[in-house]
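> sequence plus the predicted model coming up.
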Amino acid sequence: MFFSQAGARPRMWEASPSEYKKWVEVFKACDEENKGCLSRENFKVAVVMLFGYKPSKIEADAVMSSVDPNTSGILLKEFLDIVRKKKEAQLYRNEIRHIFTAFDRHYRGYLTLEDFKKAFKQVAPKLSERIILEVFRGHRFEPWSRKIPHAAEQLSPCATTTEPVL
């Protein structure tokens, strides 16, 4: 699984040689003028090729403001680091989704107190009901897309005991 042993924080992820090669090939394909760097627009095309979506203006602005101002774009090394971080975040979100789905047995998009108690009985059977209730009340487990990062921090032990739901 993707979670570190210390908790719900993702550990450093490394691309396979074939994935790394693909990233380099995408960079070269998008570096139309062979300048060794990607312009803002070329970066957007690369993200579409690798992740299947066009980055927002805010995301593109953030990336462009983080590159070396002495260059005329994103260098290969910077591009590979950006892509690795994006891939790492994508894997982390997917892992959180799998964990949440494992405990959302009725596919409602949220966990009830009963769902929460059952989840904790599986991953931390000796935890008192009072603690479970305090944790539940401290976090409203509404649709995973808004609140799940907090839930994953509480449910991370299941990453080693629960198979992903497909």
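Thanks, I have the structure now. Numbers count the residues shown, from 1 in each chain.
> got a list of what the nearest residue to Leu38 once chain neighbours are set aside touches?
Nearest non-adjacent residue to Leu38, counting by Cβ to Cβ, 6 or more residues apart in numbering: Ile74, 4.5 Å away. No exception for glycine: its C-beta is placed from N, CA and C like everyone else's. Going by Cβ atoms under 8 Å, 6 or more residues apart in numbering, Ile74 touches Cys37, Leu38, Phe43, Val63, Met64, Val67, Ile82.
> switch the cut-off to 10 Å
Residues near Ile74 by Cβ atoms under 10 Å, 6 or more residues apart in numbering: 27, 30-31, 37-40, 42-43, 46, 63-64, 66-68, 80-82.
> mind listing which of these are in helices?
Among those, the ones falling in helices (DSSP state H) are Phe27, Cys30, Arg40, Asn42, Phe43, Ala46, Val63, Met64, Ser66, Leu80, Asp81, Ile82.
> and these, which are buried?
Phe27, Cys30, Asn42, Phe43, Ala46, Val63, Leu80, Ile82 (16 or more other Cβ atoms under 10 Å).
> OK, contacts around the fifth one?
So the one you mean is Ala46. Contact analysis of Ala46 by Cβ under 10 Å, 6+ apart lists Trp23, Val26, Phe27, Ala29, Cys30, Asp31, Leu38, Pro55, Ile74, Phe79, Ile82, Val83.
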